[in-house]
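J.: My questions are about this predicted structure, shown below with the sequence.
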Amino acid sequence: YEKSGKFATEAVENVRTVAALGRLDSFVSEYFHTLDYPTKVTRRTAHTEGLTFGFTEAATFAIWALAMYYGSKTVEGQYCSFTDMYKAQMAIVFMGLMFGRRTSAAADPAKARQAAARLYKMIHDNDKEEEEANKIDMQYPALTGHV
């Protein structure tokens with residue numbers, strides 16, 4: 001999109017020249033041509049993300065259906081009451097949700113450690129620069145005795 005954005009910006013900034021030369025149609029077609037590759041890549045990515053999202057949603061509902069079916073069998077066989085079955089299902093579902101959220105945030109501590117390491121390195125490098133700056137002895141012979 002960067003190339004097409006630059007192209008559009010240039011055409012808009014020079015709109016009088018483009019209009020005077022009668023090249024508006026060629027600029028529009030060239031602009032759409034610069035969008036061909038990004039559109040192709042985005043379309044491929046969108047299909048992959050859509051299929052992944054659809055699969056995860058289908059899996060979620062399939063698990064719910066399986067849990068409800070099994071729960072109905074336990075209630076029907078009088079192994080537990082409906083309330084107990086529903087409480088157990090809710091506990092399992094919310095445990096899964098929390099586990100999913102926790103694992104999605106698992107990369108954050110690693111990023112935090114990397115950021116802290118870079119920060120400490122910058123502080124350490126800055127200290128070295130200050131030490132080097134303090135070692136410099138500046139002498140101004142023309143100002144001797146005037147200060």
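T.: Perfect, I can see it now.
J.: only C-alpha atoms for contact and neighbour calcs from this point on.
T.: Noted.
J.: for the longest helix anywhere in the chain, the distance to its chain's centre please.
T.: Using DSSP state H, we find that the single longest helix of the chain is helix 36-76. Offset of helix 36-76 from its chain centre (CA atoms, centre = their mean, to the nearest Å): 21 Å.
J.: list the helices and strands it packs on?
T.: helix 82-104 (3 or more CA pairs under 8 Å, 6 or more residues apart in numbering; DSSP states H and E).
J.: Give me the below-cutoff pLDDT ranges for the protein.
T.: Along the chain, the parts satisfying pLDDT under 70 run over 1-3, 7, 18, 105-107, 127, 129-147.
J.: quick one, the longest helix of the chain and helix 82-104 angle?
T.: 150 degrees (axes from the mean of the first three to the mean of the last three CA atoms, to 10 degrees).
J.: next one: phi and psi at Cys80?
T.: phi -160, psi 170 (degrees, to the nearest 10).
J.: What number of residues are in the vicinity of it?
T.: 15 (other CA atoms under 10 Å).
J.: what's near enough to touch it?
T.: Contact analysis of Cys80 by CA atoms under 8 Å, 6 or more residues apart in numbering lists Thr74.
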